[in-house]
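Undergrad: how does the following fold in three dimensions:
(one chain, ligands or ions: 1)
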Amino acid sequence: MSVSFQNVSYTYPGTENGVSNISFDMAPGELLAVIGPSGSGKSTILNLLVGFMKPDAGRILIDGVDITDLPPRARGVGVVFQSYALFPHMTSWQNVAYPLKVRGMAVEERKARALKALEAVGLAAFAERPPRNLSGGQQQRVALARALVFEPRALLLDEPLSALDANTREDMRDEIMRVQQQAGIATLHVTHDQEEALSIAHRVAVMHSGRLLQLAAPKELYDNPVDRTVAAFVGHANLWDGTVGEGGTVMTPVGPLTCDTGGYRAGQPVTVLVRPEHVIAHADAVAAAGAANLFDGMLDHDRFLGAVRRFDLAVAGGKIRGETRNRDALTAVSIPPEHVRLLPPVV
Ligand SMILES: Nc1ncnc2c1ncn2[C@@H]1O[C@H](COP(=O)(O)OP(=O)(O)OP(=O)(O)O)[C@@H](O)[C@H]1O
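TA: As a prediction, the model looks like this:
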């Protein structure tokens, strides 16, 4: 089942807020994550697809069929909400069977289907338990089974993991990927957690101020952000205003950097991106003599994060953020020219 947004716009009545001219196609079985800062339009996209709101302009298609004017129930879209929204007085299987009940299915058949759906999310043994006797992760899996039980044409996940602790969240990520792949359903996953998006989605859509800035596979998004906003939102980044110099250099507040200037000409303004993991830490500049883009400085922030250490080196003109596994003292960094990326300037 495929999902298509074609030039969809929506403005909340009496405001200038909403989403503008959103277009994307989801392939059958694709898991598409929508990320962006608060207020960027993620929930609006979700609500437009569920059918809680109708676009002012544009069309929404599922499998090539225009569903723009259909009410939510007729769209065949399964939704998992952040809050699980399970019925407390029903058992797990009754919760899962609920969408089948409202569709008028006989009790034996709906119980059989609910048990199968619970089995698919690894909860067959918990069918008779009420939600209050389940952990947060288990409740979320019941909600997932309930969203899948009526074989929806598309699945929507609205921040489904945000209420879970870090370890459960990682397990649930894997579970969602597994179940979604098994069911082969086009899935739109709205999240503010970019790590979650990068780790489970086939492609990620980055929203900002009601616009879709970039839609790309996670690695592409991280390595080749279209602009500074995307670069800043996805992962950590050193971002500087720069001006392209002569002979493969770019001038930045921290100093000139040797790099591949690509299609940019000398004198052009650019945004300079260096990911912290590409910054190499050195004990001192003498030890690193000869390294390209070498900076001497003083350690400013220094945070131990377990697997890595994230630091800022204060240099003349600014700070350079780096990540290293090296735990020793450091007073210099170097930046390999191939890891200096030039993006369009901020206008
Ligand atoms: N009911 C509403 N009435 C008026 N404006 C709204 C309403 N709901 C959202 N907005 C505005 O529409 C824009 C998009 O909001 P939306 O809720 O889609 O953002 P979001 O990315 O989901 O944010 P969050 O991550 O905080 O949930 C924002 O400017 C928001 O203030």
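Undergrad: so what touches stretch 4-23?
TA: 24-26, 39, 41, 44-45, 48-49, 53-62, 64, 207, 210-212 (Cβ atoms under 8 Å, 6 or more residues apart in numbering). (Each C-beta comes from the backbone N, C-alpha and C, glycine too.)
Undergrad: tell me which of those residues fall in helices.
TA: Counted as lying in helices by DSSP state H, out of those, are 44-45, 48-49.
Undergrad: which bits of the protein sit near the ligand?
TA: Proximity of the chain to the ligand is confined to 12, 15, 17-18, 36, 38-44, 192 under the rule Cβ under 6 Å from any ligand atom.
Undergrad: among the residues you listed, which two are most distant?
TA: Within the residues of the chain next to the ligand, Thr15 and His192 form the most distant pair, 21.5 Å apart (Cβ to Cβ).
Undergrad: more neighbours: which of those two?
TA: His192 (15 against 7; other Cβ atoms under 10 Å).
Undergrad: what's near enough to touch the residue of the stretch 151-300 of the chain found nearest the ligand?
TA: Closest to the ligand within the stretch 151-300 of the chain is His192: 5.1 Å, counting by Cβ to the nearest ligand atom. With contacts defined as Cβ under 8 Å, 6+ apart, the neighbours of His192 are 35-38, 42, 159, 162.
Undergrad: residue ranges for the helices of the stretch 1-150 of the chain, please.
TA: Remark: helices assigned in the stretch 1-150 of the chain by DSSP state H, counting those that start in this stretch are 42-50, 92-102, 107-120, 136-148.
Undergrad: just those: most buried one?
TA: Compared across the helices of the stretch 1-150 of the chain, helix 136-148 shows the largest average neighbour count, a mean of 24 (mean count of other Cβ atoms under 10 Å).
Undergrad: what about Glu246, which SS state?
TA: Secondary structure, DSSP: H, G, I helix; E, B strand; the rest coil: Glu246 is coil.
Undergrad: for it, phi and psi?
TA: Main-chain dihedrals, Glu246, degrees, to the nearest 10: phi -90, psi 150.
Undergrad: need the contact list for it.
TA: Residues near Glu246 by Cβ under 8 Å, 6+ apart: Ala266.
Undergrad: ok, it to Arg203 distance?
TA: For Glu246, the distance to Arg203 equals 39 Å [Cβ to Cβ, to the nearest Å].
Undergrad: next: Ser4.
TA: 14 Å.
Undergrad: centroid-nearest residue for the chain?
TA: Ala197 (3.1 Å; Cα atoms, centre = their mean).
Undergrad: host element of it?
TA: Taking DSSP states H and E as the criterion, Ala197 maps to helix 194-200.
Undergrad: and the average pLDDT for that helix is what?
TA: Confidence over helix 194-200 (mean pLDDT, whole number) is 88.
Undergrad: was I right to think Ala231 contacts Leu343?
TA: Yes. Counting by Cβ atoms under 8 Å, Leu343 is a contact partner of Ala231 at 6.4 Å.
Undergrad: of these two, who's got more company?
TA: Applying other Cβ under 10 Å to Ala231 and Leu343 shows that Ala231 carries more neighbours, namely 23 against 20.
Undergrad: nearest residue to that one other than its sequence neighbours?
TA: Residue nearest to Ala231 in three dimensions, not counting chain neighbours: Pro225, with 3.9 Å by Cβ to Cβ, 6 or more residues apart in numbering.
Undergrad: which residues does that neighbour contact?
TA: So Pro225 contacts 214, 231, 234, 273, 343 (Cβ under 8 Å, 6+ apart).
Undergrad: the residues you listed in strands, which ones?
TA: Among the contacts of Pro225, the members falling in strands (DSSP state E) are 214, 273, 343.
Undergrad: turn these into CSV, including pLDDT.
TA: Putting these into CSV (pLDDT from 0 to 100) gives the following:
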residue, pLDDT
Gln214, 97
Leu273, 97
Leu343, 95
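Undergrad: quick one: Phe81 and Asn47, what's the gap?
TA: Distance of Phe81 to Asn47, computed by Cβ to Cβ: 12 Å.
Undergrad: right, I'll call it a day here.
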